[in-house]
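# Sequence and predicted structure below; questions after.
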Amino acid sequence: MKSDPSTAAAPLRGAGGALSSSETGRVVLSPAAAAALLEEAADHLVVHLDFREALHTCERAGRSLSNYAQADWPVGTSLEVKCSLCVVGIQALAEMDRWREVISWVLQYYQVPEKLPPKVLELCVLLYSKMQEPGAMLEAASAWIQDPDNQGLPEYRALAELYLQQVLLPLGCLSEAEELVVGSAAFSEEQRLDVLQVISIARQQQKHEHSDSEKDQKLNQEDSFHKFLSLLMLLRRLWDSAVSHFVSLPFKKSLLATLILCLLVVRFDPGE
C-alpha cells in the first residue's frame, strides 16, 4: 500500500509553508519521508510519464540524503534509498533526451565516481554505450574499477567485464584492457585467455588499418607528384614552342604570345 507523501514528507514543511531548495538541502529526511518521495518519483516516471516532475522529486530527496551521515537512522537504508532515487533520475533524464547529463548529475550526490553504487555505475555504462558515447564513462568507470574498496564487492566481476566490453574495447584502449585482465582477479583463466586473444586480434587489425592508411597516403602523394611532373613537361613543350616562334614575330605579337603563355602557367598551376 502506498504511503501518503504529504504525511511522510512532513519534515519538508515548516510553519511558513514549503521549504526553499536551499533549506531542503539542509534537512535530513526520515526513512518514511525519503521512501515516500522515492515512491512519488516512481509514480511520476512510470504512471504519469511526467519525467520532469520525477526528476524534480528525486532531486528534492537527493539533496537531503547527501547529508545522511548526520541522520540518526541506519546508513545502509539511506544509501539504498539514494541509489534508487538515482536510478529513477537516470531514467527520467534519458526519457527527456538529457542523457548527456547523467554522469554529472549522479556525481552531485556521490562527489567521486569511486563511491557510486554498482547499480548506478552499471546503468551509466549501459546508457552511454547504447548512445555510442562510451568515452564519457572512461574516467569514472576506470576510477571505480581501480578503487581497492570496490574490488571486494560481489558486483565487481560483472562490472569489470562490462567496463571491458562496453568501454575499453570499443574505444580501442587495448593496453588498458590488457592491464585489467592480467592484473585483476575478477577474471577466470579462461576469460583472461579469451580476452587476450581478442586484444591480439584487435591490435593486428589496428596495424593493418594503419598500414593501409599509410599506403593510401603514399599513393596520393605519388599521384600528385606525377601530375605535377606532367604539368612541368607540358609547360616545357609550350615554352620551347613559343621560343621558336618569338624570333620571327614582330614585337607586339611576341608580347601577346608571352602574355598568353603566362596565363597558361597560372591556369595550370597546381597550387591554384
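Received, thanks. Bear in mind that the values here come from a model prediction, so they are computed numbers and not experimental data. Residues are numbered from 1 along each chain as shown.
# Every contact and neighbour count from this point should use C-alpha atoms.
Will do.
# Contacts made by the helix or strand harbouring Val182 with the rest, please.
Per DSSP states H and E, Val182 falls inside helix 174-183. Identification of contacts with helix 174-183 by CA atoms under 8 Å, 6 or more residues apart in numbering yields Leu164, Leu168, Leu169, Phe187, Arg192, Val195, Leu196, Ile199, Ala202, Arg203.
# And the residues you listed, which two are furthest apart?
Greatest spatial distance in these: Phe187 and Arg203, 20.9 Å, computed using CA to CA.
# Between the two, tell me which one has more neighbours.
Neighbours per residue, other CA atoms under 10 Å: of Phe187 and Arg203, the larger number sits with Phe187, 18 against 15.
# Neighbours of the nearest residue to that one once chain neighbours are set aside, how many?
Excluding the flanking residues, the one nearest Phe187 by CA to CA, 6 or more residues apart in numbering is Val181, at 6.4 Å. Neighbourhood size, Val181 [other CA under 10 Å]: 21.
# and what of Val182?
16.
# ok, which stretches of the chain are strands?
Ranges of strands in the chain, per DSSP state E, are 13-14, 17-18.
# Any buried residues in the helix holding Val182, and which?
Neighbour counts using 16 or more other CA atoms under 10 Å place Leu174, Ala177, Glu178, Leu180, Val181, Val182 of helix 174-183 among the buried residues.
# swap in stretch 79-87?
Neighbour count says stretch 79-87 has Val81, Lys82, Cys83, Ser84, Leu85, Cys86, Val87 buried, by 16+ other CA under 10 Å.
# check contacts around the last one.
Under the criterion of CA under 8 Å, 6+ apart, the neighbours of Val87 are Val120, Leu123.
# run the last query once more with 7 Å
When contacts are counted by CA atoms under 7 Å, 6 or more residues apart in numbering, Val87 touches Val120.
# Got the confidence number for it?
According to the prediction, Val87 has pLDDT 96.
# What distance do you get for it to Leu45?
In this view, Val87 and Leu45 are 11 Å apart by CA to CA, to the nearest Å.
# again, but for the fifth one
Applying CA to CA, the value for Leu85 to Leu45 is 11 Å.
# Isn't Phe51 up against Ala42?
No: applying CA atoms under 7 Å, one finds Phe51 not in contact with Ala42, separated by 9.5 Å.
# neighbours of the closest residue to Val88 other than its chain neighbours, just the number please.
Computed as CA to CA, 6+ apart, the closest residue to Val88 that is not its neighbour in sequence is Ala42, at 6.5 Å. Neighbour count for Ala42, taken as other CA under 10 Å: 25.
# Now do the same for Ala42: its pLDDT.
At Ala42, the pLDDT value in this model is 96.
# for Glu176, same thing?
Here the pLDDT value assigned to Glu176 is 94.
# From Gln132, how far out is it?
Taken as CA to CA, the span from Glu176 to Gln132 is 20 Å.
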